[in-house]
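>>> Sharing a model that was predicted from the sequence below.
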Amino acid sequence: MTDTPMGDARVLPDDRPSPTTPVGDAVLSVRDLHVSFPTDDGMVKAVDGVSYDVFENEVLGIVGESGSGKSVSSMAVLGLLPPSAQITGQILYRGTDLLALREKDKLKLRGSKLAMVFQDALAALNPVFTVGGQIAEAIRIHNPDWHRAQVRERTIALLDLVGIPNPAARVDQYPHEYSGGMRQRAMIAMAISNDPDVLIADEPTTALDVTIQAQVLEVIERVQDRTNSAIILITHDLGVVAGVADRVMVMYAGRPAEIGTVDEIFYETRHPYTLGLMASLPRLDENSDGARLHRIKGQPPSLIFVPTGCPFHPRCEFARLPEPCSTEIPPLRQIDTVGHRSACHFAEDLREVGRKDLLMSAEESMAATVAEDPAHGVAE
Amino acid sequence: MLTFIVRRLAYSIPVIIIASALVFGFTRATTDPLARLAQSRDAAELLPRERHRLGLDKPLVTQYTRWAKDFVRGDWGQSFISRRDVKSEIRDKLGNTVQLIFWGILFSASIAIAVGVYSAARQYSALDYTFTGLSFLGLSMPVFWFALMAIQFLIYEPTVLFHLKQPIFLSVGLHSANDHSLVDYLRHLTLPVLTLSVQLVAGWSRYQRSSMLDVMSSDYIRTAKAKGVTRRKVLLKHGLRNALIPLTTVMAIDIGALFGGLIITEHIFAWPGMGRLFFDALLSGDTNMVLPWLMVTAVFIIGFNLLADVLYGVLDPRIRLS
């Protein structure tokens, strides 16, 4: 079995560590990553000090608004940022700093050990080549001595693995002949074609409808069972994170706001921004008669003029101004358990505050607005 | 794909019919086939007779249908001036022009694609700026001026400077009178091809550059890079294959228009082609020559537009199947 292309999927040891409590060496460690882009208006600090580890067989969810730096930080891992990007820090893949590698050595890792699934699969697949041809290319680059038939067999097996019906015929079709969900599966097949150690999925389900989303996520989980990859799942959808991720990093303005296991993030939230995100989720298990969803007031900050102190303070319900929130940058520090860290000066105080309190305070402020503005009250 | 071609072919037929009616109408309105006769001493006696013999006294529609029938049947008549058979005359001249176009396109396309790809790959490099400058120079330079400069600096100046017995390149016609060797042919060909290529290279390379830049910023290029494809292969396989689609159609349309000949280029280099034929026929009021000439070039333009559509379908699988 082991010499056939699909037969080499690694069998999991039964005593593998529980994914939620990572032990041992990380597959990928990002240390104090900064990425800036020079623009006419000034330096855009897209990523401003990000550190995280991803372990084997683990799904790390990275959550944040558009422009929070979640995509840029992962593009930096694959070395796909434009040459104008100024990158500092370390990206360690099994101890090797990818940022210090020569382009030639990076090429060897890219697509084999480190792979990426992109958001819009229709745009991310080359329209003039067949799906099979594009997957085969990914295989051949890293296995130049394989025979044509061997590559084709592996390609069809990969399409089968991700759940493409009739893969032997579909392999010769063009991307536009696939449905949206199938294209995303094909993207995943391409990304996993060399059993990557790290698989970065950048909003893999964003362009898909909900049923297809669920299927694609299932494929990602199935793939992980087979390959033991460390998966970084970038999304702005907390539902996706809750369903798939083991640990979560919440990003805000290019910095990590909070990092912890899914349970910690969802039930022991220790950052006001995360709390705001949670409160803005519609819930079925609560009385929703006329209740409004919470919204985080204000706009995401400009990445050129990031607010002083805590970047979230202008939008924070709990900010103590001016000191320390607008003067001191809160460090990302350990709260409660080993893996749970938050970048809030008053993270501990949030133990007493749940999302319901946030909803309450939001309702109060809403009531205040209504009282101040008679026209608003009439419209209600 | 086949139905697509057949359908496009069917669309071309009314276009050709309309073109022929316009060509006939305008030619009859602007040139009088009997203009020369009208100046002769016996004009008063000869004119009505000739007018009747040629059918010029019939209504314009009748004249058109008669002419169209003859044209389709292949009876294109004789030249008023040289008395030569129009069809064989056009065939000869077309052959000469095709030689010019063929080498011109081959040269221009390879240079333009290479320049376009390089400029896109090294956008804003010194060489990219140089190519940009040169192509604007090429686009804005009058053809006759470039041709005369080329003759001056590639034929006369080197001959004088290096005391050559013969110039390296020749500027008159296709062949020397007593030398039909390949070398002689190439010496004649170089300058007209160069002149023809200046504007083609300038235009096409700009087009290829922007098309390539457009493609290189697309998501599937990022995917290819993420797979570990080398920069060179990303550029030449994933990039170029896509960037050539729009260029090919533009080239096909441009080439169709070249069959009308290159009136100025052919004149300067005494190249016996379609452009010169038309110019001379028009000046001497040779209706019999002008009409079929216009029809032939119209068919080439329509044909190459059709080819552009078909090529688009061949190169882009998204169009091929829909």
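Done, it's in.
>>> Only C-alpha atoms from now on, for both contacts and neighbour counts.
Will do.
>>> near chain A, which residues of chain B show up?
Proximity of chain B to chain A, by Cα under 8 Å from any Cα of the partner chain, involves residues B:218-223, B:225-230, B:238, B:241-242, B:315-318.
>>> can you list the residues of the stretch 51-200 of chain A near chain B?
Contacts of the stretch 51-200 of chain A with chain B, taken as Cα under 8 Å from any Cα, map to A:78, A:80, A:107-112, A:115-116, A:118, A:123-128, A:138, A:141, A:174, A:176, A:191.
>>> What's the ChimeraX syntax to select whichever of the residues of chain B next to chain A are buried?
Here is the ChimeraX command that picks out the buried ones among the residues of chain B next to chain A, judged by 16 or more other Cα atoms under 10 Å in any protein chain shown:
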select /B:219,220,221,222,223,225,226,227,228,229,230,238,241,242,315,316,317,318
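>>> now the strands for the stretch 51-200 of chain A?
Using DSSP state E, counting those that start in this stretch, the strands of the stretch 51-200 of chain A run over A:59-63, A:86-93, A:96-97, A:114-117, A:198-202.
>>> Tell me which of these sits nearest to A:H147.
Evaluated with Cα to Cα, the strands of the stretch 51-200 of chain A place strand A:114-117 nearest to A:H147, the distance being 22.9 Å.
>>> Mind giving me the packing neighbours of the closest one?
Where contact means 3 or more Cα pairs under 8 Å, 6 or more residues apart in numbering or on different chains; DSSP states H and E, strand A:114-117 is packed against helix A:70-78, helix A:180-191, strand A:198-202, helix B:219-227.
>>> could you redo the last one with a cut-off of 7 Å?
Here strand A:114-117 touches helix A:180-191, strand A:198-202, going by 3 or more Cα pairs under 7 Å, 6 or more residues apart in numbering or on different chains; DSSP states H and E.
>>> Adding mean pLDDT, distance to A:S73 and mean neighbour count, write the strands of the stretch 51-200 of chain A out as CSV.
Shown next, in CSV, are the strands of the stretch 51-200 of chain A (pLDDT from 0 to 100; distance: least, Cα to Cα, whole Å; neighbours: other Cα atoms under 10 Å in any protein chain shown):
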stretch, mean pLDDT, distance to A:S73, mean neighbour count
strand A:59-63, 94, 10, 29
strand A:86-93, 94, 10, 18
strand A:96-97, 92, 15, 14
strand A:114-117, 94, 13, 28
strand A:198-202, 93, 11, 26
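>>> Pipe these into CSV and attach distance to B:Y118 per row.
What follows is those, written out as CSV (distance: least, Cα to Cα, whole Å):
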stretch, distance to B:Y118
strand A:59-63, 38
strand A:86-93, 25
strand A:96-97, 32
strand A:114-117, 28
strand A:198-202, 31
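>>> With A:K70 as the reference, name the closest of these.
Closest to A:K70 of the strands of the stretch 51-200 of chain A, according to Cα to Cα: strand A:59-63, at 6.5 Å.
>>> Dump that closest one to PDB, keeping only the CA atoms.
Written as PDB, here are the backbone C-alpha positions of strand A:59-63 (Å, rounded to 0.1, in the frame of the first residue of the first chain):
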ATOM      1  CA  VAL A  59      -7.100  23.700  13.700                       C
ATOM      2  CA  LEU A  60      -6.300  27.200  14.700                       C
ATOM      3  CA  GLY A  61      -9.000  29.600  13.800                       C
ATOM      4  CA  ILE A  62      -8.000  33.200  13.100                       C
ATOM      5  CA  VAL A  63     -10.900  35.600  13.400                       C
END
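>>> From the chain's centroid, how far away is it?
Chain-centre distance of strand A:59-63: 4 Å, with Cα atoms, centre = their mean, to the nearest Å.
>>> That strand vs helix A:70-78, what angle?
130 degrees (axes from the mean of the first three to the mean of the last three Cα atoms, to 10 degrees).
>>> hey, where'd the helices end up in the stretch 151-300 of chain B?
B:157-161, B:182-216, B:219-227, B:231-233, B:240-258, B:263-268, B:274-283, B:287-315 (DSSP state H, counting those that start in this stretch).
>>> Low-confidence bits of the stretch 251-380 of chain A, can you list those?
Counting by pLDDT under 70, the low-confidence segments of the stretch 251-380 of chain A come to A:285-291, A:354-380.
>>> Quick check: A:V244 vs chain B, distance?
24 Å (Cα to the nearest Cα, to the nearest Å).
>>> try A:G49
In terms of Cα to the nearest Cα, A:G49 sits 24 Å off from chain B.
>>> what's the answer for A:G181, then?
For A:G181 relative to chain B (Cα to the nearest Cα), the value is 17 Å.
>>> Return the residues in contact with that residue.
A:208, A:212 (Cα atoms under 7 Å, 6 or more residues apart in numbering or on different chains).
>>> Please tell me the pLDDT value assigned to it.
You'll see A:G181 listed with a pLDDT of 89.
>>> ok, and the closest non-adjacent residue to A:R247?
Leaving aside its sequence neighbours, A:R247 sits nearest to A:T261 (Cα to Cα, 6 or more residues apart in numbering or on different chains; 4.0 Å).
>>> Wait, the one you found touches A:M249, no?
No - counting by Cα atoms under 7 Å, A:T261 stays clear of A:M249, with 8.7 Å between them.
>>> Between these two, point out the one with more neighbours.
A:M249 (27 against 23; other Cα atoms under 10 Å in any protein chain shown).
>>> Run the angle between the helix or strand containing the more buried one and helix A:70-78 for me.
A:M249 is part of strand A:247-252, with elements assigned from DSSP states H and E. Here strand A:247-252 runs at an angle of 120 degrees relative to helix A:70-78 (the same axes, to 10 degrees).
>>> Output strand A:247-252 as PDB - backbone C-alpha positions only.
This file holds the C-alpha atoms of strand A:247-252, laid out as PDB (Å, rounded to 0.1, in the frame of the first residue of the first chain):
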ATOM      1  CA  ARG A 247      -8.000  27.100  19.300                       C
ATOM      2  CA  VAL A 248      -8.900  30.600  18.200                       C
ATOM      3  CA  MET A 249      -7.000  33.800  17.700                       C
ATOM      4  CA  VAL A 250      -9.100  36.900  17.500                       C
ATOM      5  CA  MET A 251      -7.300  39.700  15.700                       C
ATOM      6  CA  TYR A 252      -8.000  43.400  15.800                       C
END
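>>> other SSEs contacting it?
The contact analysis (3+ Cα pairs under 7 Å, 6+ apart) places strand A:247-252 against strand A:59-63, strand A:255-261.
>>> And B:Y207, how far from B:L106?
17 Å (Cα to Cα, to the nearest Å).
>>> So for the two, which sits in the more crowded spot?
Using other Cα under 10 Å as the criterion, B:Y207 and B:L106 rank with B:Y207 on top: 20 against 12.
>>> residue contacts, that one?
The contact partners of B:Y207, taken as Cα under 7 Å, 6+ apart, are B:L247.
>>> cool, and the one 4 residues further on?
Contacts for B:S211 were tallied using Cα under 7 Å, 6+ apart; they are B:A243.
>>> Strands along the stretch 51-200 of chain B, start to end?
According to DSSP E, counting those that start in this stretch, the stretch 51-200 of chain B contains no strands.
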